[in-house]
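Visitor: need coordinates for the following:
(chains A and B)
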Amino acid sequence: MKKLCTLLFCLLAFVELKAQMPHDAIYMNKKLACGALVYGTSSWTTYWENGLKRDNPNLGRLTTQSATAMIAYGITRDINVMAMVPYVKTDASQGNLMGQQGLQDASVFVKTKTKAYHGITAHGVVGFSIPVTNYVPDFMPMSIGLGAKTMVIRGMLSYALPKHLYVNSSIAYQARSQVKADRDAYLAGSKLYQTDQVAVPDAFDAAFRIGYLKKDNQIEFFTEHFSCTKGDDIRRNDMPFLTNDMTMTTVGIYGKYQPKAFGVNARVAYVTDGQNVGQSTSISIGVLYQFKIK
Amino acid sequence: MKYIFSFLILISLVSCDKSVSESMIEPYAPAKVDETAGSWKTFILTNSTEVVVPALNSDAAYKKEVDSLKSIEVTASQKAAVLYWGAGSVLRWNEIARELAARYNIPPAANAEGVYPVPNAADPLADPKFPFANPPYTARALAYLSVAQYDALVSAWKYKYQYNRPAPSVLDASIKPLLPVSTLPAYPSEDAVVAQASYVILLAMFPGEGPFLAAKLAEAKNVPLWAKTNVNSDVIAGANLGAAVAAKVMARAKTDGMSTSNNQAIVPDMIAHAKSLGFTTVWASQELPARPPMLPNYGAVKTWNFDRTTLESIRPAIPYLPGSEAFNKDLAELQTINKTQTREQAAIANYWADGPGSYTPPGHWHRYACEAGIEAKYSEVRMARMLAYVGTALMDAGVACWETKYFYYSPRPQQFDLKTSVGLPNFPSYTSGHSTFSFAAAAVLVDFFPDRANTFMANAQQASDSRVYGLIHFRVDCTMGGKHGKTIGDYAVQRAKSDGAN
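Guide: Next up, the predicted model:
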């Protein structure tokens, strides 16, 4: 009976990508809850303007910090719910663009699992998120989020190897709502839209993880790929926009140590390749507290 | 397997269509056909018959042309084109111009040596693309577009009533046009006049867009035939008229001083002049690497509705200099916003920002003008007239504002440790271009649409305030720019009052 905290979130520091996804294969026991506070910082100096990798001395280093409160709860051993909300702050080290900050998007996830085939476990995750404040979505890259409501559906397969090793792969579809921008006209591709409604493209992500898990302690290596289903590219020397077709591949390492009710986790991730995104390095650390709800 | 299947079903459920819908503009019959527009005073043409439109073919030949319309079967996409262009040729070409402005409104990137290459008209699609359709460039492009449309349509109206050719559906009731038909005579086709004139101007302004513009032109000239509102000889005569008038308008454009508007050699003298006025801090580019100021000699470009002496006489005085008590009060206002900008202030700043990748403030005001003209069910010629006055007022505002900016060469708020929530334009601060553009356009629009005066004035005031909220202008830049803009707009209004249209 593992008393495991499920909060192994991929708190992607490039928060615009909204990849705060619970995508591990670990479940809380019934009536067991885990709260966490996670601090994350992510920054980049180079980014892909369409496919052109460049820096921008008028931004310098763009840093996104976040503090996220999370809670996970075991409805049953096979059905868990999670909720979280981050406070996000952006800052550019050079130039004169004003940093933005505020509560970003609240999200709720339900995760369930079943034994599938020869020791493979299948999991399904459904999540929703909604902006909790009226932050500016179209002042990228300074905006704290995209402003879209999202629905995420994730399918995942996990398999336990000998000696506490495991592998886990998942694929998810993120449906994202239209956003109301502050401006009432914008370019997407070569078309000028004369409306304040902006279609944020849907996205896929896929991940593969391999790790070691014994009792409440864990170390994991992962790679993730995120890609929009469509969208336009950042024009030469222009700013990014909500309609961009963002793509990125990330590698990282995650660890958790939880000797008792209290625990800590940490995650480091690095974007190796992308398009219309920053090449960010992200670090997050969290404190976890596990408790029983009567 | 069933999990994969359920996953796919879920995906199909959530990935619903979310294409963005824009408001549709329905084709309409104009409230007035403006029979006398052929005698309205033009901007470039000395009179409405300066370009000759050949006399009509025989009635029999016309009848044959009308009969040939009967065999035209339109496809769904042709019908869609008819409905699109049927909303108004002047409107659609104005929209096309605004779209091009947005596509070309991106400042060049610095090269590896830290130098900003200048866009090259002879190689328009190379990086950086030509033109950089910044606000002065776009104001000018839209002004010439509107003037060419207007002069060409006045001439078209003259010939329409001189030759008085009935529309095909009037001659032959069995012809069922796809668009509303007024009593306006058909020859030459006003849609072809506008299309060809607009094509000539826009190709000159956006020389890399030849194939795009040619496709628009071809469609626009087919629409009157698909809609059965004109025959081919109407279209040919209209296109020839439009091309000839646009060539005359372009002759002015080529010699209006724009070609030397980016003369950077005059900048040292401008800075010396500003210092002689008492500025201890002058404008300096805040970009890295420092970017040369935008079009420092645009203030020398030829204006439309007043002369150079007037331009200099109406140049705003500067009430106080940086460092003075009054200036420090303006600075304090910005420092407060820098710390406590409200969401509403940010929204107003963003709404009016019209920065890189947008159709610029002149484009924004052309859009408002078009919307007002559509709502008033203006005829094509009245729409073009209104846009010509709005457009020339906006260009005059740009020229006069730029002349003022480089006369004072005053520093931006970001030279006093302030951030911006909209992005910082790369030219001197005093006076605010947004304020000048907006009040100039609003002054003209208020004259054309007095019922909407309050809205236009409130819009102009908000556009002006937005630059304070976005932290890139001092209050005095905006108040003085706004007054200047109103004066500039009034010159356009005076001209409009004496053109014979009212």
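
Visitor: could I get the full set of helices for the stretch 401-502 of chain B?
Guide: Using DSSP state H, counting those that start in this stretch, the helices of the stretch 401-502 of chain B run over B:433-448, B:453-469, B:475-497.

Visitor: mind checking which of those is nearest A:Gly99?
Guide: helix B:453-469 (16.6 Å; C-beta to C-beta). Where you see a C-beta, it was placed from the backbone N, CA and C, and this is true even at glycine.

Visitor: tabulate the CA atom coordinates of that closest one in PDB.
Guide: C-alpha atoms of helix B:453-469 as PDB (Å, rounded to 0.1, in the frame of the first residue of the first chain):
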ATOM      1  CA  ALA B 453     -20.200  63.400 -33.000                       C
ATOM      2  CA  ASN B 454     -20.100  62.300 -29.300                       C
ATOM      3  CA  THR B 455     -18.800  58.900 -30.200                       C
ATOM      4  CA  PHE B 456     -16.100  60.100 -32.500                       C
ATOM      5  CA  MET B 457     -14.900  62.700 -30.100                       C
ATOM      6  CA  ALA B 458     -14.900  60.200 -27.200                       C
ATOM      7  CA  ASN B 459     -13.000  57.800 -29.400                       C
ATOM      8  CA  ALA B 460     -10.400  60.400 -30.200                       C
ATOM      9  CA  GLN B 461     -10.000  61.400 -26.600                       C
ATOM     10  CA  GLN B 462      -9.600  57.700 -25.600                       C
ATOM     11  CA  ALA B 463      -7.000  57.100 -28.300                       C
ATOM     12  CA  SER B 464      -5.200  60.100 -27.000                       C
ATOM     13  CA  ASP B 465      -5.400  59.100 -23.300                       C
ATOM     14  CA  SER B 466      -4.300  55.600 -24.300                       C
ATOM     15  CA  ARG B 467      -0.800  56.800 -24.900                       C
ATOM     16  CA  VAL B 468      -0.600  58.100 -21.300                       C
ATOM     17  CA  TYR B 469      -2.100  54.800 -20.000                       C
END
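
Visitor: you'd agree A:Leu288 is up against A:Pro259?
Guide: No - between A:Leu288 and A:Pro259 there is no contact under C-beta atoms under 8 Å: 11.1 Å.

Visitor: between those two, who's got more neighbours?
Guide: A:Leu288 (24 against 10; other C-beta atoms under 10 Å in any protein chain shown).

Visitor: so the more buried one, which of the three states?
Guide: Using DSSP: H, G, I helix; E, B strand; the rest coil, the structure places A:Leu288 in strand.

Visitor: tell me the contacts of it?
Guide: A:Cys5, A:Leu7, A:Cys34, A:Gly35, A:Ala36, A:Lys256, A:Gln258, A:Phe262, A:Gly263, A:Val264, A:Asn265 (C-beta atoms under 8 Å, 6 or more residues apart in numbering or on different chains).

Visitor: tell me which of these is nearest to chain B?
Guide: Comparing the contacts of A:Leu288 against chain B with C-beta to the nearest C-beta places A:Leu7 closest, at 24.0 Å.

Visitor: around chain B, which positions in the stretch 101-250 of chain A sit nearby?
Guide: Contact residues, the stretch 101-250 of chain A versus chain B (C-beta under 8 Å from any C-beta of the partner chain): A:116, A:122, A:124, A:126, A:134, A:136, A:138-139, A:151, A:153, A:155, A:171, A:173, A:175, A:177-178, A:181-187, A:190-195, A:197-199, A:202, A:229, A:235-239, A:241.

Visitor: and the buried ones among those residues, selectable in ChimeraX?
Guide: Buried subset of those, written as a ChimeraX selection, criterion 16 or more other C-beta atoms under 10 Å in any protein chain shown:
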select /A:116,122,124,136,138,139,151,153,155,171,173,175,177,178,181,182,183,184,185,186,187,192,193,195,197,198,199,202,235,237,238,239,241
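
Visitor: narrow the residues of the stretch 101-250 of chain A next to chain B to those in strands?
Guide: Among these, the members falling in strands are A:116, A:122, A:124, A:126, A:151, A:153, A:155, A:171, A:173, A:175, A:178, A:186-187, A:191-193, A:197-199 (criterion: DSSP state E).

Visitor: and the helices of the stretch 401-502 of chain B, which is most packed in?
Guide: Mean neighbour count, computed with mean count of other C-beta atoms under 10 Å in any protein chain shown, is highest for helix B:433-448 among these, reaching a mean of 29.

Visitor: now that one: mean pLDDT?
Guide: Mean pLDDT, helix B:433-448: 98.

Visitor: state the pLDDT value of residue 239.
Guide: The chain I'm using is chain A. The per-residue pLDDT reported for A:Met239 equals 95.

Visitor: nope, chain B please
Guide: pLDDT for B:Ala239: 98.

Visitor: likewise A:Gly231?
Guide: 97.

Visitor: and if you look at A:Asp216?
Guide: pLDDT at A:Asp216 comes out at 80.

Visitor: then B:Tyr3?
Guide: At B:Tyr3, the pLDDT value in this model is 51.

Visitor: same question, A:Thr112
Guide: 95.

Visitor: same check on B:Tyr163?
Guide: 97.

Visitor: neighbours of it, just the number please.
Guide: Neighbours of B:Tyr163 under the rule other C-beta under 10 Å: 16.

Visitor: now swap in the one 3 residues further on and tell me
Guide: Residues near B:Pro166, counting by other C-beta under 10 Å, number 16.

Visitor: hmm, it is touching B:Pro185, no?
Guide: Yes - at 6.8 Å, B:Pro166 and B:Pro185 qualify as touching, with contact defined as C-beta under 8 Å.

Visitor: ok, the closest residue to A:Ser284 other than its chain neighbours to chain B distance?
Guide: Closest residue in space to A:Ser284, ignoring its immediate chain neighbours: A:Gly40 at 3.6 Å, by C-beta to C-beta, 6 or more residues apart in numbering or on different chains. Separation of A:Gly40 from chain B (C-beta to the nearest C-beta, to the nearest Å) stands at 24 Å.

Visitor: ok, which stretches of the stretch 51-200 of chain B are helices?
Guide: Under DSSP H, counting those that start in this stretch, the stretch 51-200 of chain B gives helices at B:59-69, B:76-86, B:89-104, B:135-163, B:168-171, B:190-205.

Visitor: show residues contacting the first one.
Guide: The contact list for helix B:59-69, computed with C-beta under 8 Å, 6+ apart, reads B:Leu56, B:Asn57, B:Arg165, B:Pro168, B:Leu171, B:Asp172, B:Ile175, B:Leu225, B:Lys228, B:Val231, B:Asn232, B:Ser233.

Visitor: report the lowest-confidence entry in those.
Guide: B:Asn57 (87).

Visitor: tell me the contacts of that residue?
Guide: B:Glu65, B:Ser233 are the contacts of B:Asn57 under C-beta under 8 Å, 6+ apart.

Visitor: leaving out sequence neighbours, find the closest residue to B:Pro425.
Guide: B:Ile472 (6.6 Å).

Visitor: and if you look at B:Leu56?
Guide: For B:Leu56, the closest residue by C-beta to C-beta, 6+ apart turns out to be B:Tyr163, at 5.2 Å.
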